[in-house]
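Peer 1: Here is my input; please provide its structure:
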Amino acid sequence: MTAPADAPPSGRLRRAARLTVLGGLTGAAPLSTDTYLPALPSVTGDLRASAPLVALTLTACIVGLAVGQLIAGPLSDVLGRRWPLFGGAVGFAVFSAACALAPDVGTLLALRLGQGLLGAVGIVLARAVVRDLFDGPAAARGFAALMLVSGAAPIVAPVLGGQILRVTSWRGVFVVLAALGLVLAVGVLVAVPETLPRAARAAGGGALAGLRATGRAFRFLLGDRRVLACVCAAGLGFAAMFSYISGSTFVLQDLYGLSPQAFSGVFAINSVGIVAATQVAGRLVGAERAAPQRMVGIGLVTALTGSAAVLVGALTPAGPWALLPGLFVTVCGVGFVLPSATTLTLAGHPSRAGSASALLGTSQFLLGGFAAPLVGIGAGTTAVPMAATMVAAAVAGLVVFALAWRGASADGPGSVPDRAARATAGQPSDN
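Peer 2: So this is what the prediction gives:
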């Protein structure tokens, strides 16, 4: 369903409000992980816990974000989108507020897991809503609009967290996140209608049946080699960027001695880069000037080029300025990959958009979480582990995408990959 170009201003305003709310829902959960980063030392002192144990509170949230998407996506294919979105936003707010009151690190661990589980609902269902509403190039523009709001979240969040900590304690970070969750819950009620009518929902008759159908849905989707290619490309591309995010504090501040102000400036510049790249990719695909698979390939090559430049800089004594251009190029490359891979993944599977979106989101958080501890090797003494992890993720993403896509291209007309390709081009899908 694409909106006419001459839609009245009130219609354009409603669509803008809807996309803003959906973008906020996809950005809230990453904010819950990365806004918290500058607060880790103060949590350690306040709760009298060891640094490794406090770091597990970050891991717990990431695990929740990954697992929650696996549950919420298939359930929404059975239950619809709107009320699960509302419940997820309210639950995210409740768990965030509870985190602010946590008396010890064990309680905080459990609450952070719950916060991640509920926050995952917004990530996976926002993409599914866009897929419900739009087809083909219009869907690419919709995903790019989501990225405009949410794509900068993992990079801007540490800067925001640092500013919050200037006026309050680490508990104040969670109060801000709770308030954001409530605002988004109201936004869902006001701006987001139900986009999956009952007639279009997956068979099952209930939540338990939806969970039982999860495995079948994932097996079906991963049988589409183009879906497999895009899930791996998005996950490994995100892992390259998350390697930078998780390692930058040690590298730029501890190793190279950047001030907090300079560190914030680097994050801000890279935030502009990824947002600009997502918009360029969305406009090119949306205007049918570039195929989305071509944009994924270009993005992966760009991310690999930037990561290689970071590795070269890390191996020389030139200082941080040898790394910064490569970091910028890397995040721009990821900005090309994410909206285009999302468009391709969801294009041919409208009745399984929730499940497909769950696969995308889970791959990103799982692979990003796997990359984070690798970056920590030699923290504060060398930038090589961060750079090498970025290069490895980018190389793996490019190789897997190329091989899987080439294999899918060998399928004949009428195959699952062929249906996905026709749906991406705006032609009807028959699944």
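Peer 1: hey, where'd the helices end up in the stretch 1-150 of the chain?
Peer 2: 9-34, 40-46, 51-79, 82-100, 105-133, 136-150 (DSSP state H, counting those that start in this stretch).
Peer 1: wait, which of those helices is closest to residue 170?
Peer 2: For those, the distance to residue 170 is smallest for helix 40-46, at 4.9 Å, taking C-beta to C-beta. Using the backbone N, CA and C atoms, a C-beta is placed for each residue, glycine as well.
Peer 1: rewinding a little: would you list the helices of the stretch 1-150 of the chain in a markdown table and tack on distance to residue 182 and mean neighbour count?
Peer 2: Output for those, formatted as a markdown table (distance: least, C-beta to C-beta, whole Å; neighbours: other C-beta atoms under 10 Å):
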| stretch | distance to residue 182 | mean neighbour count |
| --- | --- | --- |
| helix 9-34 | 11 | 21 |
| helix 40-46 | 23 | 16 |
| helix 51-79 | 19 | 23 |
| helix 82-100 | 5 | 22 |
| helix 105-133 | 13 | 26 |
| helix 136-150 | 18 | 24 |
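Peer 1: Please produce CSV containing those helices, extended by distance to residue 304 and mean pLDDT.
Peer 2: Below are the helices of the stretch 1-150 of the chain laid out as CSV (distance: least, C-beta to C-beta, whole Å; pLDDT from 0 to 100):
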stretch, distance to residue 304, mean pLDDT
helix 9-34, 23, 81
helix 40-46, 31, 81
helix 51-79, 24, 80
helix 82-100, 35, 95
helix 105-133, 25, 91
helix 136-150, 20, 72
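Peer 1: just so I know, which of those lies nearest residue 187?
Peer 2: helix 9-34 (3.7 Å).
Peer 1: Stretch 313-333: end-to-end distance?
Peer 2: Distance across stretch 313-333, first residue to last, is 18 Å (C-alpha to C-alpha, to the nearest Å).
Peer 1: Going by neighbour count, which residues in it are buried?
Peer 2: Within stretch 313-333, the residues scored as buried using 16 or more other C-beta atoms under 10 Å are 313-314, 320, 322-324, 326-333.
Peer 1: Check stretch 357-374 too.
Peer 2: Result for stretch 357-374 [16+ other C-beta under 10 Å]: buried residues 357-369, 371-372, 374.
Peer 1: Which residue in these has the weakest pLDDT?
Peer 2: Across the buried residues of stretch 357-374, the smallest pLDDT goes to residue 372, namely 72.
Peer 1: Remind me which helix or strand that residue belongs to.
Peer 2: In the assignment (DSSP states H and E), residue 372 maps to helix 353-375.
Peer 1: do the same with residue 162
Peer 2: Assigned by DSSP H and E, residue 162 falls within helix 153-167.
Peer 1: if you average pLDDT over that helix, what comes out?
Peer 2: On average, helix 153-167 scores 76.
Peer 1: from the chain's centre, how far out does it sit?
Peer 2: 18 Å (C-alpha atoms, centre = their mean, to the nearest Å).
Peer 1: Quick check: the gap between residue 37 and residue 253.
Peer 2: Going from residue 37 to residue 253 by C-beta to C-beta, to the nearest Å gives 12 Å.
Peer 1: Also residue 49?
Peer 2: Relative to residue 253, residue 49 is positioned 23 Å away (C-beta to C-beta).
Peer 1: returning to that earlier point: give the other helices and strands that the helix or strand following the helix holding residue 162 contacts.
Peer 2: Downstream of helix 153-167, the first helix or strand assigned by DSSP H and E is helix 170-191. Here helix 170-191 touches helix 9-34, helix 40-46, helix 82-100, helix 153-167, going by 3 or more C-beta pairs under 8 Å, 6 or more residues apart in numbering; DSSP states H and E.
Peer 1: Next up, the contacts around the nearest residue to residue 140 once chain neighbours are set aside.
Peer 2: Using C-beta to C-beta, 6 or more residues apart in numbering and skipping the chain neighbours, the partner closest in space to residue 140 is residue 285 (3.8 Å). Applying C-beta atoms under 8 Å, 6 or more residues apart in numbering to residue 285 gives the contacts 137, 140, 141, 144, 291, 292, 295, 339, 340, 343.
Peer 1: Just the element for residue 285, please.
Peer 2: helix 260-286.
Peer 1: tell me which residues in the helix or strand just after that helix are buried?
Peer 2: Next helix or strand after helix 260-286 toward the C-terminus (DSSP H and E): helix 292-314. Across helix 292-314, burial judged by 16+ other C-beta under 10 Å covers 292-293, 295-300, 302-304, 306-311, 313-314.
Peer 1: Name the residues that touch stretch 35-42?
Peer 2: Contact with stretch 35-42 is made by 51, 54-55, 57-58, 61, 157-158, 160-162, 164-165, 169-170, 173, 176-177, 249, as judged by C-beta under 8 Å, 6+ apart.
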